[in-house]
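Q: sequence and predicted structure, then a few things I'm wondering about:
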Amino acid sequence: MSKSSPYAVSTLRIDENADALLNIKNYLYIIPPIETDFREALQLADVGEIFYLCGSSGDGKSEVLTNLYKEFNSKVYFHLDATHSKGQHSSAIDCLNDLYDNYKSTNKTLAVGINIGMMQKFIKQGAERHSDIKKVLKAFFKNRHKKGYKLGNTQFFDFECYPRIKFIDKKISSEFISEFLNNLTAESTINPFWSAYLEEKKTNSILAKNFELLARSTFKDSLVELLGLTRLYEEQFITPRTFVDFIYQILTLENQDGLIGNLFCEFDNELSRKLISIDPNNHREEGIDDFYLEYATKTLSIALQQDIDFLNKSSGFRLSPQGIVRLAYMLRKDKNLTHLSQKLSVGFTLIEKQHYLTLIDIYSKNYLERSDEDLLLDIVEDILVKAVFKYANRKLKNNNTSFIVSREVKNYMICNKVDIQADLDWIEKYDLQSTDYLPIPLIVNGKPAIIFELDLKVLSLALKICNGFKPNRQELGVLTKFDELIAHIIQKAKDSDSLKVINKNNEMDNGIHISKSGRRYMVERK
C-alpha cells in the first residue's frame, strides 16, 4: 500500500505466475469507470487509431493499461509510460518521436499512457515531422472538459473527466474511496487484510486498534467527506497512489492518539499536509472552547464523560483532548455519541460547506425553481455581496449597502451609488464543468455582469466578514481574490449618477450627497 512499494507502479507483466503480494494488490484494485470506457474503445478500435489515457502522476494510467494489455496486445501496441526515456542518451521527447515514427510506418493501433505535463511538453519540443500529432494534442487541451474527446483517428480519455469525489444532492460521495475502504476492512475470509488483522489482534497491537477504528462505517463515511473537503478547500486531487499510501501511513505510524492522531498529523503525503488545515480543532467556537475548559478543570458532566469513554474504547487509546474533539467529529453521526456531538455541533457544522454544496446542486440543474432562486440569492446576495459592502465600507461608521467607498482623497471618502444583483438567467444557462469554483455573475448598476470565481475559501471568508471577522495575514491569499472583486465592482460604479463625500475624521459627518438628474447636479448634506 505504501507509495514506496515496488507494486505502487505497474509494468507489463507477461509472467502468468503472480506472487502473493500481487494477489493482495489485485484484491484491493477497484476497476475505475475510465478503464471500462477505454476497454470499450479498444474493442471497437479500427486499424491506425490512437487512444490516449492521460492524467496526473499516480492517477493509475499504468495500472489500467497493464490490465488491458493481455486482452488487446495482439492488435494494439501499448506504450505505458510516455514520461521517461528508454535509452541512456535519449530523452522522453526522443522516445515519443520514435514511438510516432514506428506508428506511422506500421499503422498499428496505438494505446498511450501519458502525463498531461508531458503532452504539453511534446507540443513545444516534439519533432516538426509530427506536427500533425501536435495539432491534435493542442485541440485536446481546448476541449479537455469533454469526456472521451475525439478528433479524426485519435481519442482521449482524461482522468480529470472521471472525478473520484462527487458533489451531488448537497452531499459528498466517492465510489472509489468507499469501495476501497470496504474491501480493505471487509470481515471476510477472502480478505487477506482481515486475516492479518485477526493475527495482529492477538498481540493487542497498535495496528489492530487502528484497523478496528477504520472499519467503523461512520468513520469511513466521515473520511470520504473529509477528503472531499480537501478538494474544495485545498484543491487537492485524489489519486489512487497518494490515497492508498495515506491509508497505509495512518494505519501504521505510531501516535499517542492512534489513527485519529495520524489523520490530522503531517507526514510524507500530500493529503496529510492538506488535512491539517481542516482539523476540527482549528474551528474555534464556544462549544469547543467550553469543552477544553471543562476538561482542564475536571468539571465534565457524567454524560460527556460517558461519550469520552466511548471514544477512548473506539480508538483503543486514552485520547488527548485534541484527539477527543477529532474523533467526536469523525464519529459525530454514531448513535452512541450524543451529548458530545451536540455540544460541539456548531464547530462541526461548517456552514460554508453546506452553502457551497447547495450552490453546486443549483448550478447542476437545467431549470431553476423559485425555491432554487431564493436559495441562490440567500447565499450570493445575503452573504457574498453583503460581505463586499461590509469589507469595502469598513471605515464608515454605518454599514451601507447602497454606496461603496471607491477612493479616498485627503481627509474624505468618496462613495459611489451601487446596485448589485445576481444574474439568475445566466446561471440557469450555464453548463457546470468543474466544482473547484463556481462562476458568479454579478450585475452592477445594470451593466454587463462581472463573472467572479467563487470557491469554498472565499465563501468561508465572506461568512466570517459578515459575522464581524477582520481578515488577518493568514487570510492574505483568499483576501486578495476578494479585493479583486471589490475593485471590479468599484470600476463599474465609478460613473454612477449618485455619490457621497464623507469626512473620515469627523465621526458625526453623515456626508454630502451628490446626485445627477439630467444636466443638473443636486447637492444635499445628510
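A: That came through fine.
Q: and S301, how far from Q342?
A: Counting by Cβ to Cβ, to the nearest Å, the gap from S301 to Q342 is 12 Å. Using the backbone N, CA and C atoms, a C-beta is placed for each residue, glycine as well.
Q: revised request: answer the last question for N153.
A: The value you get for N153 to Q342, if Cβ to Cβ is used, is 62 Å.
Q: what do you get for L96?
A: Distance of L96 to Q342, given as Cβ to Cβ: 59 Å.
Q: so where is the chain shaky, pLDDT-wise?
A: Counting by pLDDT under 70, the chain shows low-confidence ranges at 1-18, 81-90, 346-347, 473-474, 506-511, 513, 515-526.
Q: tell me which helix or strand the residue most central in space within it sits in.
A: Centroid-nearest residue in the chain: R231, 1.3 Å away (criterion: Cα atoms, centre = their mean). If you go by DSSP states H and E, R231 is part of helix 217-234.
Q: in that helix, what counts as buried?
A: 218-234 (16 or more other Cβ atoms under 10 Å).
Q: could you do stretch 332-348 as well?
A: Buried residues in stretch 332-348 (16+ other Cβ under 10 Å): 332, 334, 337, 339-341, 343-344, 347-348.
Q: those in helices, which ones?
A: Among those, the residues falling in helices (DSSP state H) are 339-341, 343, 347-348.
Q: can I get the residues you listed in TSV with distance to L459?
A: Below are those laid out as TSV (distance: Cβ to Cβ, whole Å):
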residue	distance to L459
H339	31
L340	28
S341	25
K343	26
G347	18
F348	18
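Q: what is the nearest of those residues to G468?
A: Closest approach to G468 among these (Cβ to Cβ): G347, at 17.5 Å.
Q: would you say I451 is within a strand?
A: Yes - under DSSP: H, G, I helix; E, B strand; the rest coil, I451 falls within a strand.
Q: may I have stretch 182-193 as CSV, with CA atoms only?
A: Listed in CSV are the C-alpha atoms of stretch 182-193, where the atom choice follows Å, rounded to 0.1, in the frame of the first residue of the first chain:
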residue,chain,number,x,y,z
ASN,A,182,-15.0,-1.5,2.4
ASN,A,183,-12.8,-4.1,0.6
LEU,A,184,-9.8,-3.3,2.9
THR,A,185,-11.9,-3.8,6.1
ALA,A,186,-14.3,-6.4,5.0
GLU,A,187,-14.9,-9.1,7.6
SER,A,188,-14.4,-12.0,5.2
THR,A,189,-12.1,-15.0,4.8
ILE,A,190,-11.3,-13.9,1.2
ASN,A,191,-9.9,-10.6,2.6
PRO,A,192,-6.2,-11.1,3.3
PHE,A,193,-6.2,-7.9,5.4
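Q: residues in contact with that stretch?
A: The contact list for stretch 182-193 (Cβ atoms under 8 Å, 6 or more residues apart in numbering) reads 23-24, 27-28, 30, 194-195, 211, 214-215, 220, 247.
Q: help me confirm that P448 is found in a strand?
A: No - read with three-state DSSP, P448 is coil and lies in no strand.
Q: tally of neighbours for N143?
A: The tally of other residues near N143 (other Cβ atoms under 10 Å) stands at 12.
Q: and if you look at D289?
A: When counting by other Cβ under 10 Å, one arrives at 11 neighbours for D289.
Q: summarise which helices and strands the helix or strand containing it is packed against.
A: In this assignment (DSSP H and E), D289 forms part of helix 286-296. If contacts are counted by 3 or more Cβ pairs under 8 Å, 6 or more residues apart in numbering; DSSP states H and E, helix 286-296 sits against helix 321-330, helix 339-343, helix 345-349.
Q: got the contact list for the first one?
A: For helix 321-330, the external contacting residues (Cβ under 8 Å, 6+ apart) are 218-219, 222-223, 226, 256-258, 260-261, 263-264, 279-281, 288, 291-292, 295-296, 307-308, 311, 314-315, 317, 319, 337, 340-341, 344, 348.
Q: show me what counts as buried in it.
A: 322-330.
Q: ignoring the adjacent residues along the chain, who's closest to D423?
A: Among residues not flanking D423 along the chain, P441 sits closest, at 3.8 Å (Cβ to Cβ, 6 or more residues apart in numbering).
Q: what does V388 give?
A: Nearest to V388 is I486, by Cβ to Cβ, 6+ apart, at 5.8 Å.
Q: and for the residue lying closest to D59 once chain neighbours are set aside, the neighbour number?
A: Excluding its sequence neighbours, the residue lying closest to D59 (Cβ to Cβ, 6+ apart) is F159, at 4.4 Å. A total of 22 residues lie near F159 under the criterion other Cβ under 10 Å.
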